[in-house]
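[1] could you work out the structure for the sequence below:
(chains A and B)
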Amino acid sequence: MLIFRFEWKRTRNYILIWAAALAVCIFSMTPVYYDMIETAGTLPSGFTQGGFWETLDVSLTLLMEPLGMYSFLTGFFMIAGGVFGMHLGLSLHTGECTENTAEYLYTKPCGRQMIFKGKMLCALVGVCVTGISYLLASFLTMMLFRPGFPVGEFLLVVGSFVLLTLFFALLGLMVGIFHPNNRSPLLTAGLVVFVEYCITSFSRTVSIRAIGFLSPFSFFSPSEIHDAGAYSWDYMLWYLLLLFAFIILAYKKILKRDIALAV
Amino acid sequence: MNEPVIVLNELTKSYGRHRGVEGISFSVCQGEIFGFIGPNGAGKSTTIRALMGLLKPTSGSASIFGLDCSQEPARIAKDVGYLPSENCYYNNMKVREMLLYTAELYGVDGHRRMEELAGRFNLDLSRRIGDLSLGDKKKVGIVSALLPSPKLLIMDEPTSGLDPLIQQTFYDLLKEENEHGTTIFLSSHVLSEVQRLCDRVAILREGKLVGVQSMKTLRENGYKKISLTAKSAIPEDFFSIPGTANFEQDKAGTSVSFMFNGSSMTIMEKLHQLELEDILIEEPSLEEIFLHYYE
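    Now for the predicted structure:
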């Protein structure tokens, strides 16, 4: 817990700022977009026929549902959540190398195992804090501006955001351990998340579901959640396998590798 | 002889194309102050980082207190205070926070010891690490290493950046710690420091161990530094006799200096043949002995 407490102290402000920013944004943007959909009758006929909507896995029917616009918005917030998660995970390890503090930390009696656990716990708590903040802001905005929405489906949509953030946080942790000398973790996080998002868009455009296994954005399709009331089991199984693989690979690597020092 | 605390056995660490260290073997006994000298890039820090478990040896082994450094670094670290050569700590923390965090990592209550050491080094505990000068950061590192009262101190270039007064405080403190039974292993290229403090010294050159000698032996291995000026030019091969090293001669050929550990009678006879203006026979400094090893 000592490493976790220290890491939490270091990253607390960063996590809280992200959590607050996402909460404020979803709270304020949701009513704006619902106002827009109220004029759906006046939307141009080609509004939902472009490839853009296809890539987002959102149809006009879904948009007209109580949770439709919220799902659509969450799709974009998932990009932000992914960048936050990956940057947090990455910088927990790369920071020790680029700021040259690894030589201090890794020569203390806590051991690599405890350092790994402490940093991973910090990433998990960061994801939880952001997720809870997003959940509360979403719930509040929906209650105020779209009461009567299906709570179960709502939780699945919010869960998409949390699970995707978790995915990228653990991916970031692993990448940070494999490449600790990364001096641009935010750029790396942004690029990885954007590429992953593009893969999902591509898989939806060409309608090849298998490609979706390459990107976590595909695992949380708004229309599948709406239609089935659950996440796809095959994607979920793959998601859990990947998370497990990230943790195991990162753990094995940190125990075996030389500690990278910037100088 | 006391039991060995540090044992290096054919330790090799290579970084692909870059040279690390090769086949380093020596041991450091309990209660010793052991110096580790060599120029920059000789492999001192690599060896120390392997000892601290930061680097996994390519082959060979390193152990401290009988425990393998690459297998059980955390157990070893409980009794080791380490000062890295680079003074990099968490810049956003205050010195006090950082030192108390160190104490917590060692599972000790460091308040009293921290105040005492900070007082001796004139270290302001309320300042942010990022605002400290290089010398003050070094003091933080020294206090951090000494804080848990370890059985073994490993220090990589401990006095770089310290002013002479603080250096003296540091030497005094090391001697006190040593008197209390702490084994000290320090690397340096400030040879006067090693000369002043150490019982034995290992010399490293281009990743290989040149030798391990006691300071006494190193000084008493017979080498004397001879500097002389003659009235007429001295033939270049005049001192080509067994035991001569580091021979230097000025342009005029009248002044020469060299290290000598051969027969006293032979050198006296040679000197007798010259018409000397001036002569100085002295014990060479460690720097000169050290340079001799590099010839």
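[2] quick one: the helices in chain A?
    When assigned using DSSP state H, the helices of chain A occupy the ranges A:2-37, A:51-56, A:60-64, A:68-98, A:102-105, A:111-145, A:151-178, A:185-205, A:222-228, A:233-256.
[3] mind telling me which of these the model trusts least?
    By mean pLDDT, the lowest-scoring of the helices of chain A turns out to be helix A:51-56, with a mean of 70.
[4] who are the contact partners of the most centrally placed residue in chain A?
    In chain A, the C-alpha nearest the mean C-alpha coordinate belongs to A:Thr165, at 2.1 Å (CA atoms, centre = their mean). With CB atoms under 8 Å, 6 or more residues apart in numbering or on different chains as the criterion, the residues that contact A:Thr165 are A:78, A:81-82, A:84-85, A:127, A:130-131. For the C-beta atoms, the positions are set from N, CA and C on the backbone; glycine is no exception.
[5] same check, this time on B:Lys224
    With contact taken as CB under 8 Å, 6+ apart, B:Lys224 is in contact with B:259-261, B:281-284.
[6] cool, and B:Thr244?
    Applying CB under 8 Å, 6+ apart, the residues near B:Thr244 are B:258-260, B:262.
[7] which of those residues sits closest to chain A?
    Ranked by distance to chain A (CB to the nearest CB), these are led by B:Met259 at 35.7 Å.
[8] name the SS class of B:Lys225, please.
    At B:Lys225, secondary structure determined by DSSP: H, G, I helix; E, B strand; the rest coil is strand.
[9] likewise for the one 3 residues further on?
    The assignment at B:Leu228 comes out as strand when based on three-state DSSP.
[10] dig out what it forms beta bridges with.
    When bridges are assigned using DSSP bridges, the partners listed for B:Leu228 are B:Val256, B:Ile279.
[11] same thing with B:Lys13?
    Beta-bridge partners for B:Lys13, by DSSP bridges, are B:Val21.
[12] and it, how many neighbours?
    The burial count assigned to B:Lys13 is 23, neighbours taken as other CB atoms under 10 Å in any protein chain shown.
[13] where's the nearest residue to A:Leu156 once chain neighbours are set aside relative to A:Leu155, distance?
    The shortest distance from A:Leu156 to any residue other than its chain neighbours is 4.8 Å, reached at A:Ile225 (CB to CB, 6 or more residues apart in numbering or on different chains). Plainly put, A:Ile225 is 10 Å away from A:Leu155 if you go by CB to CB, to the nearest Å.
[14] those two: which is more packed in?
    It is A:Ile225, of A:Ile225 and A:Leu155, that has more neighbours when counted by other CB under 10 Å, with 23 against 14.
[15] OK, contacts around that one?
    A:Ile225 makes contacts with A:71, A:153, A:156-157, A:160, A:231, as judged by CB under 8 Å, 6+ apart.
[16] of the residues you listed, which is the nearest to B:Ile64?
    A:Ser160 (50.2 Å; CB to CB).
[17] hang on, the closest one packs against A:Phe77?
    No - assessed by CB atoms under 8 Å, A:Ser160 is found out of contact with A:Phe77, at 9.6 Å.
[18] how about the residues of the stretch 51-200 of chain B near chain A?
    Residues of the stretch 51-200 of chain B lying close to chain A by CB under 8 Å from any CB of the partner chain are B:52-56, B:73-75, B:77-78, B:80, B:82, B:84, B:86, B:88-92, B:101-102, B:104-107, B:144.
[19] where are the low-confidence patches of the stretch 151-295 of chain B?
    In the predicted model of the stretch 151-295 of chain B, residues B:219-222, B:285-287, B:289-295 satisfy pLDDT under 70.
[20] in it, which residue sits closest to chain A?
    Distance from chain A to each residue of the stretch 151-295 of chain B (CB to the nearest CB) is smallest for B:Ile154, at 8.7 Å.
[21] can you tell me how far that residue is from B:Gly53?
    As for B:Ile154, its distance to B:Gly53 is 11 Å (criterion: CB to CB).
[22] returning to that earlier point: can you lay out the helices of chain A as CSV showing distance to B:Phe26?
    Rendered in CSV, the data for the helices of chain A read as follows (distance: least, CB to CB, whole Å):
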stretch, distance to B:Phe26
helix A:2-37, 34
helix A:51-56, 65
helix A:60-64, 73
helix A:68-98, 30
helix A:102-105, 23
helix A:111-145, 27
helix A:151-178, 33
helix A:185-205, 41
helix A:222-228, 66
helix A:233-256, 27
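[23] out of the ones you listed, nearest to B:Lys137?
    Put simply, out of the helices of chain A the one that sits nearest B:Lys137 is helix A:102-105, at 11.3 Å, with distance taken as CB to CB.
[24] mind giving me the packing neighbours of that closest one?
    In terms of contacts (3 or more CB pairs under 8 Å, 6 or more residues apart in numbering or on different chains; DSSP states H and E), helix A:102-105 is not packed against any helix or strand.
[25] longest helix of chain B, counting residues only.
    When chain B is scanned for its longest helix (criterion: DSSP H), the result is helix B:164-179.
[26] what's the domain layout of chain B?
    For chain B, automatic domain parsing gives the domain ranges B:4-79+B:150-219, B:89-148, B:221-294.
[27] and of those domains, who's closest to A:Arg12?
    domain B:89-148 (11.7 Å).
[28] which parts of the stretch 101-250 of chain B are helices?
    Along the stretch 101-250 of chain B, the stretches classed as helices by DSSP state H, counting those that start in this stretch are B:111-120, B:134-146, B:164-179, B:191-197, B:215-220.
[29] contacts only, for the residue in the stretch 101-250 of chain B that chain A sits nearest to.
    The nearest approach of the stretch 101-250 of chain B to chain A comes at B:Leu105, 4.1 Å away (CB to the nearest CB). Listed by CB under 8 Å, 6+ apart, the contact set of B:Leu105 reads A:2, A:108-110.
[30] just give me the neighbour total for A:Phe213.
    Neighbour count for A:Phe213, taken as other CB under 10 Å: 16.
[31] count of residues packed around the nearest residue to it once chain neighbours are set aside?
    Nearest in space to A:Phe213, with sequence neighbours left out and distances taken as CB to CB, 6+ apart, is A:Trp238 at 5.7 Å. The tally of other residues near A:Trp238 (other CB under 10 Å) stands at 17.
[32] next, the contact list for B:Ala202, please.
    Applying CB under 8 Å, 6+ apart, we find B:Ala202 in contact with B:26, B:34-37, B:209, B:211-212.
[33] what parts of chain A come near chain B?
    A:2, A:6, A:10, A:99-104, A:106-114, A:256-259, A:261, A:263.
[34] ok, B:Ile154 touching B:Thr47?
    No - in this structure, B:Ile154 is not within contact of B:Thr47 by CB under 8 Å, at 10.2 Å.
[35] picking that back up, give me the distance between the residue of the stretch 101-250 of chain B closest to chain A and A:Leu136.
    According to CB to CB, B:Leu105 and A:Leu136 sit 36 Å apart.
[36] ok, now B:Met52?
    Distance, B:Met52 to A:Leu136, by CB to CB: 46 Å.
[37] more crowded one of the two?
    B:Met52 (23 against 15).
[38] what number of residues lie near the residue lying closest to that one once chain neighbours are set aside?
    With sequence-adjacent residues excluded and distances taken as CB to CB, 6+ apart, B:Met52 is closest to A:Thr107, at 4.7 Å. By the other CB under 10 Å criterion, the neighbourhood of A:Thr107 contains 27 residues.
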